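> what's the 3D shape of this:
(chains A and B)
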Amino acid sequence: MLSPGGIERVDRIVARYPRPLAAMLPVLWVVQEERGWISPGAMEWVAERLGTSPAKVQAVVSFYTMFDDRPVGKHKLQVCRTLSCELMGARRIVDHLRERLGIEPGETTADGTFTLQEVECLASCGTAPMMQCNLKFYEHLTPERVDALLAELRSREPEWEDVDPVVYERPSDAEFRAMMPEAT
Amino acid sequence: MAAPKILMQRGLDRPDDGHTLEAYEAAGGYRSLRKALGMDRVAIVEEVKKSGLRGRGGAGFPTGTKWGFIPRDSEKPKYLVCNSDESEPGTFKDRWLLERDPHAVLEGMAIASVAIGAKLAFNYFRGEFSFPLRRFQAAVDEAYAKGYLGKGIMGSDVDLDMVVHFGAGAYIAGEETGLLESLEGKKAMPRNKPPFPAVEGLFQCPTVINNTETLAVVPWIVEHGGDEYARWGTEKSRGTKMWSCSGPINRPGVYEVELGVDLMEFLENECGGMMEGVGLKALVPGGSSVPIMTVGMCVGAKMDYEGLRAAGSMVGSGGFIVIGDHASIPDCLHNLAHFYTHESCGQCTPCREGCGWIEQLVGRLLDGRGTQADLEQILRLSDAMAGKTICALADALAWPAISYIQRFPEEFAALCPEPVDMDALTAAVDRHKHVLPAA
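Below is the predicted model:
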């Protein structure tokens, strides 16, 4: 199920907790990082390792939004849609991504490169609008920056180790005004 | 005299390396832990009680009192849990601390652990906090290497281990008992209380759960004394507080100010005022769960626990969301109703069903198909949710729902094709406004 290195990581994680079950979330993270998603077979493996039932593992996987119980694109783009981001232009960013990628939120491009999702508040409200790509934050987005980022992502593999947030320069008032919603 | 910066110094002074142990110690870091190790445990708790520090996660419960609930004679292991599941919309202050001053959080956790007799402490990060988590993990590694964690910390006879834990996407894991369930490897469904975590918390053992910002204050209090901290702020809201400011303002960001400052002055001085061409329409001062304020309510309001209650809202998590006149208030409510519907854990019927119904009703209004009956139904539903569930997530939508309609009735009425009887709508609001937090 996992590489020898992954199994070793799991063993180290489990040893940190007073009870094996407490290692559930971190162990599922190891599985997802190695395999890209958490399959039914992987859930059985985790259940066995932590001394619980596959149903309990599946319940956890389905409860937490960051766990994927089906394959996703190479680059998972998660745009924050909650209030502060919406006020500063999140919808414009989502619409731009829909148009550029030709998919709706929740879908994956046919070539498997991108998955687009709308997600809830990611604690970057002061640098809105923003999105998370896999584990990395991109803050102060504009449609132009999204285009440049898509081009960059198309040309490279996902980066899992580098999680330093990319905080672009604050958009100008005019750029914000072009993104912000109008009162209905 | 202006209050000192208690929480936001190193991150500002040394933006490049303020997060390292070297920078933290150069600024006097870990003196407090050394001092605490030489103190009687009860004396540490007393010092925190004297400071008047209240929980910065949202509920505002006195921190020292919470620590005092841990039974001293219990044979069970005790646990300290830091709640870094910062997920309240509009809130990003804990992220600031964890990225820029992780050792302050770590030292606060260590002191709290000493005070309650915990030998194992957890810091629970929301799953999306990969970068803050790495910063904090690096701090933990540095602390172990230096002997500030592990066996016999700082040469004392106290053992303390620290585990960095991370979630995987669930707002409700920030509710303290939901967090414990999550930390035990389960769905983050909040528990009925009592028993309170101080008696039966993590693995049924006595547990203190504190917010990240709360714990980061503790080293300063131990170093300078509770009385010194209590000098700042107001009578019942002592000290300073971090506010995360967002929306169409000139300087969004995190600011630490003394509790009790004037709201409009804060908006002007710290936030830099409104973006050019955008007027202030409304304010949500304490994260998305608190009641909304009109401009009239903002004028003269004081930013402390009592002051914001008196002004019709709450301090909450300090998520200061500024809403400009470009925005539609019903749109804002719809955005939040979607959030709470998505984040409801589903175990209590009023919350699981009510949040979704409110989202649909507001959606119908926005589609131009709403009626007066829909508006009144939103109010009735909110009343049927607030205070009737295991945790406060249902209240956290009921308060916005009622207050948004109460304070911006014309915007909601304008969405209905048929004219709305405003007197009848006011009467309906009056029937249900009792669920809003009282002054």
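
> residue nearest the centroid of chain A?
Among the residues of chain A, the one closest to the centroid is A:Asn134, at 4.3 Å (C-alpha atoms, centre = their mean).

> nearest spatial neighbour of it, chain-adjacent residues omitted?
A:Pro158 (5.2 Å; C-beta to C-beta, 6 or more residues apart in numbering or on different chains). (Each C-beta comes from the backbone N, C-alpha and C, glycine too.)

> quick check: which element contains that neighbour?
Following DSSP states H and E, one finds A:Pro158 outside all helices and strands.

> who touches it in this structure?
The neighbours of A:Pro158, taking C-beta atoms under 8 Å, 6 or more residues apart in numbering or on different chains as the test, are A:74-75, A:134.

> can you tell me which of those residues are in strands?
Where those overlap with strands, as defined by DSSP state E, the overlap consists of A:His75.

> got the buried residues for stretch A:26-40?
Neighbour-count burial for stretch A:26-40 flags A:26-32, A:35, A:38-39 (criterion: 16 or more other C-beta atoms under 10 Å in any protein chain shown).

> ranges for the strands of the stretch 201-350 of chain B?
For the stretch 201-350 of chain B, applying DSSP state E, counting those that start in this stretch gives strands covering B:207-211, B:240-246, B:253-258, B:261-262, B:280-284, B:293-294, B:302-303, B:319-324.

> please apply the same query to the stretch 51-200 of chain B.
Under DSSP E, counting those that start in this stretch, the stretch 51-200 of chain B gives strands at B:79-84, B:120-125, B:161-166.

> of all the ones you listed, which one is nearest B:Glu268?
With C-beta to C-beta, the closest approach to B:Glu268 among those belongs to strand B:79-84: 31.3 Å.

> contacting residues around that closest one?
With contact meaning C-beta under 8 Å, 6+ apart, strand B:79-84 is reached by B:57, B:94, B:98, B:105, B:108-109, B:112-113, B:116, B:118, B:120-126, B:129, B:132, B:136, B:174, B:176, B:179-180, B:183, B:201-203, B:205-212, B:215.

> now do 6 Å
The contact list for strand B:79-84 (C-beta atoms under 6 Å, 6 or more residues apart in numbering or on different chains) reads B:57, B:94, B:109, B:112-113, B:118, B:120-125, B:179, B:202, B:205, B:207-209, B:211-212, B:215.

> stretch B:396-408 too?
Surrounding stretch B:396-408, the residues in contact under the criterion C-beta under 6 Å, 6+ apart are B:289, B:291-292, B:294, B:329, B:333, B:336, B:340, B:355, B:358, B:378-379, B:382, B:385-386, B:412, B:429, B:432, B:435-436.

> within reach of chain A, which of those residues are there?
Contacts with chain A within the contacts of stretch B:396-408, as defined by C-beta under 6 Å from any C-beta of the partner chain: none are present.

> list only buried entries from the residues you listed.
Of the contacts of stretch B:396-408, these count as buried by 16+ other C-beta under 10 Å: B:289, B:291-292, B:294, B:329, B:333, B:336, B:340, B:355, B:358, B:378-379, B:382, B:385-386, B:412, B:429, B:432, B:435-436.

> give me the subset of those residues lying in helices.
B:329, B:333, B:336, B:340, B:355, B:358, B:378-379, B:382, B:385, B:412, B:429, B:432 (DSSP state H).

> on the three-state scheme, the nearest residue to B:Asp227 once chain neighbours are set aside is what?
Nearest residue to B:Asp227, sequence neighbours excluded (C-beta to C-beta, 6+ apart): B:Lys50, at 5.9 Å. With DSSP: H, G, I helix; E, B strand; the rest coil as the basis, the three-state label of B:Lys50 is helix.

> how much space between B:Lys50 and chain A?
B:Lys50 sits 32 Å away from chain A when distances are taken as C-beta to the nearest C-beta, to the nearest Å.

> what do you get for B:Phe136?
The gap separating B:Phe136 from chain A is 13 Å, by C-beta to the nearest C-beta.

> per-residue pLDDT, the closest residue to that residue other than its chain neighbours?
With C-beta to C-beta, 6+ apart as the criterion, B:Phe136 has its nearest non-adjacent residue at 4.4 Å, and that residue is B:Pro102. We have a pLDDT of 97 for B:Pro102.

> same question for A:Glu182.
pLDDT recorded at A:Glu182 is 79.

> just give the number of residues close to the closest residue to it other than its chain neighbours.
Nearest-residue entry for A:Glu182: B:His326, 6.2 Å, with adjacent residues in sequence omitted and distances by C-beta to C-beta, 6+ apart. The burial count assigned to B:His326 is 18, neighbours taken as other C-beta atoms under 10 Å in any protein chain shown.

> so B:His326 sits right up against A:Met180, yeah?
Yes. Contact criterion C-beta atoms under 6 Å: B:His326 and A:Met180 qualify, at 5.5 Å.

> distance of B:Thr212 from chain A?
Taken as C-beta to the nearest C-beta, the spacing of B:Thr212 relative to chain A amounts to 11 Å.

> B:Arg364 too?
Using C-beta to the nearest C-beta, B:Arg364 is found at 14 Å from chain A.

> quick one: what helix or strand has that residue in it?
B:Arg364 is located in helix B:349-366, with elements delineated by DSSP H and E.

> residues in contact with that helix: which ones?
Residues outside helix B:349-366 that contact it (C-beta under 6 Å, 6+ apart) are B:330, B:333-334, B:337-338, B:340-341, B:344, B:346, B:370, B:374, B:378, B:381, B:384-385, B:388-389, B:393-394, B:397, B:401, B:415.

> now check stretch B:3-11, is it near chain A?
No. No part of stretch B:3-11 sits close enough to chain A to count as contact by C-beta under 6 Å from any C-beta; the gap is at least 13.8 Å.

> ends of that stretch, how far apart?
With C-alpha to C-alpha, to the nearest Å as the measure, stretch B:3-11 spans 17 Å from end to end.

> do stretch B:73-85 as well
Using C-alpha to C-alpha, the end-to-end distance of stretch B:73-85 comes out at 31 Å.

> related to what we said a few turns ago, write a PyMOL command that selects only the buried members of the contacts of helix B:349-366.
Selecting only the buried members of the contacts of helix B:349-366 in PyMOL, with burial defined as 16+ other C-beta under 10 Å, works like this:
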select buried, chain B and resi 330+333+334+337+338+340+341+344+370+374+378+381+384+385+388+389+393+394+397+401+415
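
> so where do the helices sit in the stretch 151-300 of chain B?
Taking DSSP state H, counting those that start in this stretch, the helices of the stretch 151-300 of chain B run over residues B:176-183, B:212-224, B:226-230, B:263-269, B:295-298.

> relative to B:Trp243, which of those is closest?
Proximity to B:Trp243 (C-beta to C-beta) singles out helix B:263-269 among the helices of the stretch 151-300 of chain B, at 7.5 Å.

> gap between the closest one and the chain center?
Helix B:263-269 sits 21 Å away from the centroid of its parent chain (C-alpha atoms, centre = their mean, to the nearest Å).
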